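A.B. asks: Predicted model follows, preceded by the sequence.
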Amino acid sequence: MKRNIYVLTILTALIFQSCGLKTAKEVGLHFSTEKSKLPDLLTWKKIGFAKELINQKEMVVVISGGTNPIPLDKWDEFKPSFPYKKNIDRHLLFQQTAFYRSPNTDLNCKEPDCIKQLEYKNYTWVEMAKPICVDFVGGKTDMLKPEKGHLVIKTIQKCQTVMFTDSIFQLTDNKGNYYVMHSTETGKPDTTATLPSGWTLKKVILKEPLIISPFGGGNECYYNIIGDNLGQGYHQYVFADTIYSSNEK
């Protein structure tokens, strides 16, 4: 099973506009911004193409994997039906990734119990991520295509670690919160995104690899994923506060 799971994950938080996500305040979300515990051994994979579906009813993202994953040459013709829908394909900017367990599995799980596998349309899929809530910076806007001067912050549960090795595009509110661009729609990062007042975006050359892992402490695997008006996605990797509740402004 392990050899077939997840070539990589395409960022999963940019299609949930149809899922009726509530805000962090509405769902009562708050979590520690300390790093969560990782497995003693991580299996790093180079990035590739991931075939993802979102279950719009159960609010779970699955990726082709397990004992019988869908072949790449069958993906374009594959037509899921409700509650499943294909996720959006993205151009990824990080170099390696390690996906180590499905959402809501125990921190101390042992393979194969760390990965939840299901069968759909004669292929096997792995539960990868679960969207929790959405907030907005600059006022409410379209979750998939934010207006200029707006940002969308989606909180998800995903037990995945990513590595950047050369340079990054760093987004910050200049109040102690930092985010790294992980995906684009075009394949080319663009620093001309129209950001809310006080926010800046710039390229940073890394002196050593940047490894980003989930937050929440203990068994949790929280990530905040930002989307800008150019369709670029970002992982939050530095928090200004010790507890995250809501960045809605």
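C.D. replies: Now that the structure is in, tell me what you want to look at.

A.B. asks: for the longest strand seen in the chain, the distance to its chain's centre please.
C.D. replies: Taking residue count as the measure and DSSP state E as the definition, the longest strand of the chain comes out as strand 123-137. With Cα atoms, centre = their mean, to the nearest Å as the basis, the distance from the averaged C-alpha position of strand 123-137 to the chain average is 7 Å.

A.B. asks: what's next to the helix or strand following that strand, contact-wise?
C.D. replies: Per DSSP states H and E, the first helix or strand lying C-terminal to strand 123-137 is strand 151-157. When contacts are taken as Cβ atoms under 8 Å, 6 or more residues apart in numbering, the neighbours of strand 151-157 outside the stretch itself are 12-14, 16, 21, 24, 29, 103-104, 129-138, 141, 143, 146, 195-196, 199, 220-228, 247-248. Any C-beta I mention is one placed from the backbone N, CA and C, and that applies to glycine too.

A.B. asks: Mind checking which of the residues you listed are buried?
C.D. replies: Neighbour-count burial (16 or more other Cβ atoms under 10 Å) applied to the contacts of strand 151-157 gives 12-14, 16, 21, 24, 29, 103, 129-138, 141, 143, 146, 195-196, 199, 220-228, 247-248.

A.B. asks: So which elements touch the longest strand of the chain?
C.D. replies: Secondary-structure packing of strand 123-137 (3 or more Cβ pairs under 8 Å, 6 or more residues apart in numbering; DSSP states H and E): helix 24-27, strand 60-64, strand 117-120, strand 151-157.

A.B. asks: neighbouring strands for the last one, and are they parallel or not?
C.D. replies: Think strand 151-157. Within its sheet, strand 151-157 is paired with strand 123-137 (antiparallel), strand 222-227 (antiparallel), according to DSSP bridges.

A.B. asks: any idea of the mean pLDDT in that strand?
C.D. replies: What strand 151-157 shows for mean pLDDT is 96.

A.B. asks: Determine the angle, from 0 to 180 degrees, between it and strand 60-64.
C.D. replies: Here strand 151-157 runs at an angle of 70 degrees relative to strand 60-64 (axes from the mean of the first three to the mean of the last three Cα atoms, to 10 degrees).
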